[in-house]
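# Quick one, what's the 3D model for this:
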Amino acid sequence: MNDNVDSVVLRRVAETPEILEVGRKAVEDVLVDFRDSCISLPLQGNGFAIRDKEGKAVGVLIRLGTADGLRIALKAIADHLAENVSNDVSEGSEPVAEAEGDIS
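Model (predicted):
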């Protein structure tokens, strides 16, 4: 892919609530696993935090860095998109490549 195609794809992902939900859910799942296992990534000044199971602030802060959260979300989105393209092809429809033009 060239840079223009990459930026178009990323912009479409950023503007598609259903796809963003896949990434958000993946990050939340990791945070829940961290909380339930009492795991936190050390030396994370900023990032994602999670409340306890009852919705209260956690005594010990469970933290996931923003870079790690972004990485988790992007991998989940990539897997989701790859799976959907595979399903589309196996069902007989061809994936549509609409990477030309500006979408902003």
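# Okay, now the unreliable bits of this protein?
Scanning the chain with the threshold set as pLDDT under 70 gives 1-3, 58-61, 86-104.
# where along it do the helices fall?
Using DSSP state H, the helices of the chain run over residues 3-14, 17-36, 66-90.
# which one of those helices lies closest to G55?
Across those, the minimum distance to G55, taken as CB to CB, is reached by helix 17-36, at 12.0 Å. Placement of C-beta: from N, CA and C, glycine included.
# Residues contacting that closest one, please?
13-14, 39-40, 48-50, 52-53, 58, 62, 64, 69, 72-77, 80-81 (CB atoms under 8 Å, 6 or more residues apart in numbering).
# ok now stretch 63-76, how far from the chain's centre?
Centroid separation between stretch 63-76 and its chain, computed with CA atoms, centre = their mean, to the nearest Å, is 7 Å.
# in that stretch, what counts as buried?
R63, L64, G65, D68, G69, I72, A73, A76 (16 or more other CB atoms under 10 Å).
# next one: stretch 39-55
By 16+ other CB under 10 Å, the buried positions in stretch 39-55 come out as S40, Q44, G47, F48, A49, I50.
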